[in-house]
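S.K.: Give me a 3D structure for the following:
(chains A, B, C and D)
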2 protein chains.
Amino acid sequence: MYQYEYPHPAVTTDVVIFTIRDRQLKLLLIKRGGEPYKGQWALPGGFVQLDEDLEAGARRELEEETGVAGVYLEQLYTFGAVNRDPRERVITVAYYALIPSDKIVLQAATDAEAVGWFGMDELPELAFDHQKIVDMAHERLVAKLDYSTLAFQFMPAEFTLSELQAVYEIILRQDMDKRNFRKWILALEQIEETGNERCDGPHRPAKLYRALHRNKVEIIK
Amino acid sequence: MYQYEYPHPAVTTDVVIFTIRDRQLKLLLIKRGGEPYKGQWALPGGFVQLDEDLEAGARRELEEETGVAGVYLEQLYTFGAVNRDPRERVITVAYYALIPSDKIVLQAATDAEAVGWFGMDELPELAFDHQKIVDMAHERLVAKLDYSTLAFQFMPAEFTLSELQAVYEIILRQDMDKRNFRKWILALEQIEETGNERCDGPHRPAKLYRALHRNKVEIIK
DNA sequence: GCAAAAGTGTTATCCCTACACCCATGA
DNA sequence: TCATGGGTGTAGGGATAACACTTTTGC
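M.R.: Predicted coordinates:
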C-alpha cells in the first residue's frame, strides 16, 4: 500500500504505433484481457513507473509489444478527462511511434492478449477514449509530413524514390506527380544515393537512397 | 490520507502566461513562498484536483493569478523527468495562455506571493525545469504565428493593422514591410473593418478591425 | 518484343518580396 | 506648416504545378 497526504491520479502512457504495410497505414492494437472493456481492442500502454521517465515508459510498452527498439517516438498529448477510466482518475500521456516496414515482426503476444495490426480504415471500436487519441495522432502525422522529414522514419535503411513516394501518397491519401516529387525530395538535401540498385521484377532497376540523418527528424521549410 | 495499491505520481499543471506590453513579449511569474526553491521565481501552477479536467485546472491557476477568464489556453507538453521535483515524483502538464494587452490587471497576489511580469529578455533564474517549459512555449508561439491566427489572441476586440503588425514584429523579432503585411493579413480573410477609427495623436486616424472568429485559432496555409 | 516500373525537362502560373510617396490629423 | 504615423500599387524573381516520353529489365 502506498499512502499520500493528498489524492493522486494514476498516470499511464499509451502509444499509437504506426507502420505501413500492404500499401496501408496500419496501427497496432491489443485486445484487453481484463476489465474494464474486457475483450475490446485498445492502444498498448501501462502505468508509469515512479523511477522511469515518461518517454522511457512509452518506449518500454512499445518494445514489449513490437520487439523493436530505437524507433521514432514522440509525445502527442496528455488526456486527462475526469471520467475517461471508470476505475479511478487516470491521466494518460499519449505518444506515437513510427516503425519502418521491414522491422515488423509478427509478435507473439506478451501477456496472453491478442495483438493485431489494423488499417486506419478498418479499426474496431476502441476502449476508453482511445479513438480520440488515434485521431489526434493521425492528424499530427499528416501535418508533420508537410514540414518535416518524418516520413523517412517509415523507411528501411535503403529505399527507392518510388517507395518513399508511396509512403507520402498512402498517408496523405492523394497521388503525387512523380517528377515533381523527385525534384522536391532531392532539393531537400536530406537523402543521398547509396550507389546500389534494386531489381524488383520485369523493369528497369531502381536506384537506392538513404536518409542523411537517420535518427533525426528535420524541420523543412 | 489516501491509499493506493500501486505507487502514484503527483500531477500538476503549470501555465506559461504570455502577454505583450511596452512593446515586449512578457510572461507572468510568481515568487515561491515555500520550499523547495523558496524565494525563486516560477510558473504559476498547482496540483490537479481529482474531480477537475486538466485544462480546467490550468484555467483555474490562470484565473487565480491574472483575474482573466475566457482567454486562449493550449496544452503545451507534459514534463515528467524522474527528478524534476526533489520532494516526490511530480509530472506536470504544461499549458500556455495568451492574454490580450487590454486585459492585464495589476493583480494583488493571491497567496501572499509576489507576482510579476517579466520580459523574455530579462527572465530571472527559474525554479524546477521551468526554464525548459518557457523555452518550449516560446518556440511553439513563434512557430504558430506562421501557420495560424494565434496572434489575434493578443489583440483587444478592436485593433489597428499597425498594432497587429507590431505583435508579429515583437514575437518574431523582425521588422516587416507595412504594405506586404497588410496585403497578407487581409488576404487571409480573418479580420474585417469595424467601421470605427481611432485618433491617437498628430496623424491620420487608423481604421479599426476585429477578428472574424474571436474565440477560435484558425490554421492558415 | 512486350509489359512494367524507373527515370528525366520545360513551361506557365502564382506567390512573395522589394520598394516610395501621399494623406489626415494635432500642435 | 510641420511632424507623425496611416494608408496605398507595381514589377521582378523564385517556387510550384502541369504534363509525356524514353530506358532498362524479366519473361
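S.K.: distance of A:A143 from DNA strand D?
M.R.: 16 Å (CB to the nearest atom of the strand, to the nearest Å). The C-beta positions use only the backbone N, C-alpha and C, and glycine is treated the same way.
S.K.: is it true that that residue lies in a helix?
M.R.: Yes. With DSSP: H, G, I helix; E, B strand; the rest coil as the criterion, A:A143 is assigned to a helix.
S.K.: residues in contact with A:M176?
M.R.: Applying CB atoms under 8 Å, 6 or more residues apart in numbering or on different chains to A:M176 gives the contacts A:Q165, A:Y168, A:E169.
S.K.: contacting residues around the spatially closest residue to A:R84 that is not a sequence neighbour?
M.R.: By the measure of CB to CB, 6 or more residues apart in numbering or on different chains, the closest residue to A:R84 outside its immediate chain neighbours is A:D129, 5.0 Å from it. Residues touching A:D129, when contacts are defined by CB under 8 Å, 6+ apart, comprise A:F79, A:A81, A:R84.
S.K.: Show me those that map onto helices.
M.R.: Where the contacts of A:D129 are compared with helices, as defined by DSSP state H, there is no overlap at all.
S.K.: I figured A:A10 hits A:T92, correct?
M.R.: No. With contact taken as CB atoms under 8 Å, A:A10 and A:T92 are classed as non-touching, separated by 9.1 Å.
S.K.: The two: who's more crowded?
M.R.: Set A:A10 next to A:T92 and count neighbours by other CB atoms under 10 Å in any protein chain shown: A:T92 wins out with 26 against 19.
S.K.: Now for that one, which secondary structure element holds it?
M.R.: The secondary structure element spanning A:T92 is strand A:90-99 (assigned by DSSP states H and E).
S.K.: Give me the sheet partners of that strand and which way each runs.
M.R.: For strand A:90-99, the pairing partners within the sheet under DSSP bridges are strand A:10-21 (parallel), strand A:72-79 (antiparallel).
S.K.: Following element in sequence after that strand, please.
M.R.: Tracing the chain C-terminally past strand A:90-99 and defining elements by DSSP H and E, one meets strand A:115-119 next.
S.K.: Any idea how far that following strand is from the middle of the chain?
M.R.: The gap between the average C-alpha position of strand A:115-119 and the chain average comes to 12 Å, counting by CA atoms, centre = their mean, to the nearest Å.
S.K.: All the helices of chain A, residue numbers only.
M.R.: Counting by DSSP H, the helices of chain A are A:54-66, A:130-147, A:161-172, A:178-187.
S.K.: for those, which one ends up most surrounded?
M.R.: When you average the neighbours per residue for each of these (mean count of other CB atoms under 10 Å in any protein chain shown), helix A:54-66 leads with a mean of 20.
S.K.: on contacts alone, who are the packing partners of it?
M.R.: The helices and strands touching helix A:54-66, judged by 3 or more CB pairs under 8 Å, 6 or more residues apart in numbering or on different chains; DSSP states H and E, are strand A:10-21, strand A:24-31, strand A:45-47, strand A:72-79, strand A:90-99.
S.K.: Give me the angle between it and strand B:90-99.
M.R.: What separates the directions of helix A:54-66 and strand B:90-99 is an angle of 110 degrees, with axes from the mean of the first three to the mean of the last three CA atoms, to 10 degrees.
S.K.: Show residues contacting helix A:54-66.
M.R.: Helix A:54-66 has contacts (CB under 8 Å, 6+ apart) with A:13-15, A:17, A:28, A:30, A:44-46, A:48-49, A:52, A:68-69, A:71, A:73, A:75, A:93, A:95, A:97, A:99, A:103-105, A:107, A:110, A:115, B:78, B:80-81, B:91.
S.K.: what does stretch A:181-190 give?
M.R.: Stretch A:181-190 is contacted from outside by A:T149, A:F152, A:L161, A:L164, A:Q165, A:Y168, A:I191, A:A211, A:L212, A:H213, A:E218, A:I220, using CB under 8 Å, 6+ apart.
S.K.: Thought A:R198 was touching the third one, still the case?
M.R.: No. With contact defined as CB under 8 Å, A:L161 does not count as touching A:R198 (11.3 Å).
S.K.: near DNA strand D, which residues of chain A show up?
M.R.: Proximity of chain A to DNA strand D (CB under 7 Å from any atom of the strand) is limited to residues A:D177, A:K178, A:R179, A:N180, A:W184, A:A187, A:C199, A:G201, A:P202, A:H203, A:R204, A:P205.
S.K.: any low-confidence regions in chain A?
M.R.: By pLDDT under 70, the low-scoring segments of chain A are A:106-112.
S.K.: which residue sits closest to A:P9, ignoring its sequence neighbours?
M.R.: When the adjacent residues along the chain are set aside, A:P9 lies closest to A:R89, with 4.1 Å between them (CB to CB, 6+ apart).
S.K.: which ones are touching that neighbour?
M.R.: A:R89 touches A:P7, A:P9, A:A10, A:V82, B:L50, counting by CB under 8 Å, 6+ apart.
S.K.: In TSV, list those along with distance to A:I133.
M.R.: Rendered in TSV, the data for the contacts of A:R89 read as follows (distance: CB to CB, whole Å):
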residue	distance to A:I133
A:P7	25
A:P9	17
A:A10	17
A:V82	17
B:L50	21
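S.K.: quick one: which of these is nearest B:E125?
M.R.: Taking CB to CB as the measure, B:E125 lies nearest A:P9 of these, at 30.3 Å.
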